[in-house]
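> Mind looking at a prediction? Sequence and model below.
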Amino acid sequence: MEMTLRRLGFDSTSSFLTSTTLPMGILALIAMMVLPLPAILLDVFFVSNILLSLLILMVAINTYRPLDFSSFPSVLLIATVLRLALNVASTRIVLSEGHEGTHAAGRVIEAFGEFVISGNYAVGIFVFILLTIINLLVITKGAGRVSEVSARFTLDAMPGKQMAIDADLNAGVLTNEEATLRRSEVASEADFYGAMDGSSKFVKGDAIASILILAINIIGGLIIGLVQHDLTLEAAASNYLLLSIGDGLVAQIPSLLLAISTAIIVTRVSSTQNMSEHIAKQFSISRAWVPTAATLLVIGLIPGMPNFLFLLAAGVAITAGVFIRRGEKNEELQTEQISAEEQVPSIASTTEIALSEVADNSPISIQLGYGLVEMVDEAIGGPLINRITGVRRQVSKALGFVLPAVRVRDDLSLEANQYRIRVGQTIVGEDKIYPDRKLAIPGEDSAVKLTGIDVRDPSFGMEAVWIKSTQEAEAEANNYVVVNSESVLATHVSQILTKYANELMGQDDVQSLLDNLSETAPNLVQSVVPKLVPLHDLTAILRTLLKERVPVSDLRKVLETLSTLAGRNLSISDMAEALRPKLSGLLIQQVAPLSSSLPVITLDGELEHMLITMSRQNNDKDIILDANLLQSLIKSINETSEQLTAQGRQAVIVVSPVIRRAFAEIVHQHLEDMIVLSFAELPDNRKVDVVATIGNSASVPA
């Protein structure tokens, strides 16, 4: 059957039935409000309504997070319309057939009415009203308020969450696919809570409608029974009161179940456990059960109290506390055994000194204080290793060669929350992070000052504050970008890898690139390396390019260009400079997308002519600037760059090819990340936006 359906174009039987049944069911709901239904069919629908409400409640209880039941608002609407349609259909039968007896509206309504009334109509009416008040004023009103607040806070936090995703993407923590999925989840979360805010009004309106329908059935039934069917007041009250209360109750119970489901969904906290497991885990605290048992025991000893019941409750509480405490002791013993096993090797080896402790040949390594070791422990979900691997992958793709593995190890000489990044044996970065906190970076309009540990972001030097996890919603609502501790470290590592990529590339890495290229262009590789350009010279050229962040991924173009330069007797720096116009497009596309213009900063004619003259006087070597001019020049470039960064753009400086290398050396002494290009390196197919022109004393907008 399933294969036949697939041949007809259906994926599965269930999808076909679902896509067909749902529209037909909605049309049937509309028909139920207009067409009369027989009593037996009404019984079937009432039982189905109770089944659906119970099923929705069980699904809500067993979800791990609200978005796991993202269809709940739509399901709630359909269930509410079903119940109202049944109310209309049952009201029609009660008013038109109620004079015939309590069986006229079906067995379900009659059974519920007789069960609640039990021979006393006043009690039945008050029980129904009590259920309605509980539903309307307690559960529905509370769930509606929670939905409203959740929707508001979720919408306020959206910009901060989007910025955090962008920060993780830029740091290499997330891939493009993962970032797209995270953005979709943020949008879905906002849509869900917005829909829940509106859906809670369905439940509230349904509770109010049930009271009105009950009044209509009672008043209308009495009038019709007395006037049209000449029943006595006692007979009319007996029939119509029982049917009205039974009808109201059989609708009110599913309404109450749906209200509870709504409250569970909107108050649910995302976790890795369902609701039952979540509550059971948090109630499993012996320190809570023992005082409770003691209090019940004291009450049970007071004369005049139902002593047996209180003493029984105290016994149950103390028994639960004993079992929970026993489990806590077992967990503590297991933790102590694991700690002892971890310490034994270190104690046994205290008299020995390993060579690895003295000479570490890792190209790049991270040393962690003992308080950060849990971030790399995969057994407890430490995400740091995966984050660093993602950073390596992204930076490797951007630069064009595979960066070496990052070695992560602990160092007891560091403070608990301190980390240190080394390239070879040289320390190139260090800072502190707090695994139990999150780093909040203020936006432009973040006026509220958060309490926490004030620091500067280790990657970009921005003012930030380490806050507690409970402050995250407040921070995002005030336009702070909130980043977890492993993302802070991963971003710092990404910056270090990019900055020191030239030192991380060796001859073995270049040979691997050549071997890969030789699979598609063997003659090109054989004719250039090592015949025209030795391997060590090629490595030096590529490292010179990487020093200024120029990607070397297009090795074919590098070798083709070097083959034309080999006979000119150029130095390593000159050959790298000659290669830049061929490869600059790879760098520019990382600065600005192809569809947008490239923001550039230029020098005015007088200043550039002066620099060219100074360079020629020094035989195209260094440029020596006056201290005041240098300070003014760097200040102007920095101010313009900061203005563009605030707009989410990155500018490059464009100068004459004659002075590009010397001018770049001056700028990089003060602004390491600034990109300096020559006019020859600008692609013909890119639009250029001159955002500023730097003069002798200030930057002048172009």
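Thanks, I have the structure now.
> which stretches of the stretch 51-200 of the chain aren't confidently modelled?
Judged by pLDDT under 70, the stretch 51-200 of the chain has its weakly predicted residues at 98-99, 101-106, 113-124, 138-140, 142-160, 167-174, 193, 197-200.
> if you set the cut-off to 80 instead, what comes out?
61-73, 76-77, 80, 83-84, 87, 90-179, 182-183, 185-200 (pLDDT under 80).
> Tell me which stretches of it form helices.
Under the criterion DSSP state H, counting those that start in this stretch, the stretch 51-200 of the chain contains helices at 72-97, 107-117, 121-133, 141-170, 176-227.
> Same check on the stretch 551-700 of the chain?
In the stretch 551-700 of the chain, the helices defined using DSSP H, counting those that start in this stretch lie at 555-565, 572-591, 605-617, 627-646, 660-668.
> between those helices, which gets nearest to G443?
Evaluated with C-beta to C-beta, the helices of the stretch 551-700 of the chain place helix 627-646 nearest to G443, the distance being 9.9 Å. All C-beta spots, glycine's among them, are computed from the backbone N, C-alpha and C.
> Rebuild the helices of the stretch 551-700 of the chain as TSV, extending it with mean neighbour count and distance to Q526.
Listed next are those as TSV, based on neighbours: other C-beta atoms under 10 Å; distance: least, C-beta to C-beta, whole Å:
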stretch	mean neighbour count	distance to Q526
helix 555-565	17	10
helix 572-591	18	20
helix 605-617	15	39
helix 627-646	15	45
helix 660-668	19	31
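> domains for this protein, by residue range?
Domain segmentation of the chain under automatic domain parsing yields 36-272, 284-347, 357-501, 505-583, 592-702.
> Any idea which of these gets closest to L27?
Each of the domains of the chain was scored for nearness to L27 using C-beta to C-beta, and the closest is domain 36-272 (11.3 Å).
> picking up where we left off before, switch the helices of the stretch 551-700 of the chain over to a markdown table; also include mean pLDDT and distance to G371.
As requested, the helices of the stretch 551-700 of the chain are arranged in a markdown table below (pLDDT from 0 to 100; distance: least, C-beta to C-beta, whole Å):
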| stretch | mean pLDDT | distance to G371 |
| --- | --- | --- |
| helix 555-565 | 90 | 43 |
| helix 572-591 | 89 | 36 |
| helix 605-617 | 85 | 50 |
| helix 627-646 | 85 | 33 |
| helix 660-668 | 89 | 35 |
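> Those helices: which one's closest to V488?
For the helices of the stretch 551-700 of the chain, proximity to V488 was assessed by C-beta to C-beta; helix 627-646 is nearest, at 18.9 Å.
> Okay, strands next: where are they in the protein?
Counting by DSSP state E, the chain forms strands over residues 364-368, 406-410, 418-423, 426-432, 437-442, 453-456, 463-468, 480-484, 598-603, 652-655, 675-678, 688-694, 699-700, given from the N-terminal end onward.
> so what strands line up beside the third one?
Spelled out, that is strand 418-423. Each strand that pairs with strand 418-423, with its direction, by DSSP bridges: strand 364-368 (antiparallel), strand 426-432 (antiparallel).
> And the fifth one, by the same measure?
According to DSSP bridges, the neighbouring strands of strand 437-442, each with its direction, are strand 463-468 (antiparallel), strand 480-484 (antiparallel).
> would JSON lines of the ones you listed with distance to I666, mean neighbour count and mean pLDDT be doable?
Converted to JSON lines, the strands paired with strand 437-442 look like this (distance: least, C-beta to C-beta, whole Å; neighbours: other C-beta atoms under 10 Å; pLDDT from 0 to 100):
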{"stretch": "strand 463-468", "distance to I666": "28", "mean neighbour count": "18", "mean pLDDT": "91"}
{"stretch": "strand 480-484", "distance to I666": "33", "mean neighbour count": "23", "mean pLDDT": "88"}
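> export those strands to TSV and tack on distance to P303?
As requested, these are arranged in TSV below (distance: least, C-beta to C-beta, whole Å):
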stretch	distance to P303
strand 463-468	49
strand 480-484	58
